[in-house]
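Peer 1: The sequence and its predicted three-dimensional model are supplied below.
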Amino acid sequence: LKRVQLELEEAWALTRAQRKNPNIGGARWVVLQLRQHMAHLVTNLQIYFQLDVIEAEYTHLQEKIAVAEDFAEVERAHSQYLSALLSQTFLDVNLVSQSLSNIFEQCLQLCRMVKMDDGSKYATAADEGEVKALMERFLKFSNTLYTCFRSNRLAGSQRAPFLRQLLLRLNYNSFYSDEAARRLLVRKSMPPMQTPIPALPSMAFH
């Protein structure tokens, strides 16, 4: 997760120079927008995993160790700490683990696209078909992750007390809830091969 976040930050530094490129329109503009949405998702996942889960549970672990009377209590506290991490990060849920892997792969693919962009019209970043395909895959996998997070099995359980805060942060401008509704409507009205590529909502670059 941290590696992907750093790669996206490096991609941002590289795309800053692209703003002066006369060929910035079209596909390259979508690349800039898509990188921003990827960074939004990855950054909020990083905050959730690191601050809301790991650091919070580590504080609880230290408190238990401080009052432990023997090694058995320390061992039990450590076991509870590891179980809490697994439970609150949902890495024991196959759909979550697979969605995260797929999302990270799309992020790294975009970063490779940015690094290889020489500014010409022949670069992959200028290929509208390639960029739209990447965007659609990212939207698909990130929407799957969001839908899984907000399911009654996870959001409605007590295993992750900070999950609702993560959902609020992720659903920027109702982006994921609107995307979920759009995909449901598309599935009901159109064959899969005819699914249109949605436009990403505007987001302030930073």
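Peer 2: Cool, the structure landed. Numbering: from 1, shown residues only.
Peer 1: contacts for stretch 158-175?
Peer 2: Stretch 158-175 is contacted by residues 37, 40-41, 44-45, 47-48, 52-53, 56, 87-88, 90, 146, 149-150, 154-155, 176-177, 201, 203 when judged by Cβ atoms under 8 Å, 6 or more residues apart in numbering. C-beta coordinates here come from the backbone N, C-alpha and C atoms, glycine included.
Peer 1: Give me the buried entries from those.
Peer 2: Buried members of the contacts of stretch 158-175, scored by 16 or more other Cβ atoms under 10 Å, are 37, 40-41, 44-45, 48, 52-53, 87-88, 90, 146, 149-150, 154, 176-177.
Peer 1: Looking at those, which are in helices?
Peer 2: Judged by DSSP state H, those include 37, 40-41, 44-45, 87-88, 146, 149, 176-177 as members of helices.
Peer 1: which stretches of the chain have low pLDDT?
Peer 2: 17-25, 180-206 (pLDDT under 70).
Peer 1: Just want the most central residue of it.
Peer 2: With distances taken as Cα atoms, centre = their mean, the residue of the chain nearest its centroid is Leu41 (3.5 Å).
Peer 1: Pull the contacting residues for that residue.
Peer 2: The contact partners of Leu41, taken as Cβ under 8 Å, 6+ apart, are 103, 142, 170.
Peer 1: ok, the first one - how many residues close by?
Peer 2: By other Cβ atoms under 10 Å, 23 other residues sit near Ile103.
Peer 1: if we can go back for a sec, tell me the two of the ones in helices among the buried ones among the contacts of stretch 158-175 that are most distant?
Peer 2: Across these, the longest distance by Cβ to Cβ is 28.1 Å; it joins His37 and Ser87.
Peer 1: about what we covered before: using JSON lines, lay out the contacts of Leu41 together with secondary structure.
Peer 2: Shown next, in JSON lines, are those (DSSP: H, G, I helix; E, B strand; the rest coil):
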{"residue": "Ile103", "secondary structure": "helix"}
{"residue": "Ser142", "secondary structure": "helix"}
{"residue": "Leu170", "secondary structure": "helix"}
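Peer 1: ok, of these, which one's closest to Val67?
Peer 2: Leu170 (36.6 Å).
Peer 1: Which residue lies closest in space to Leu145, excluding its sequence neighbours?
Peer 2: Excluding the flanking residues, the one nearest Leu145 by Cβ to Cβ, 6 or more residues apart in numbering is Ser99, at 4.0 Å.
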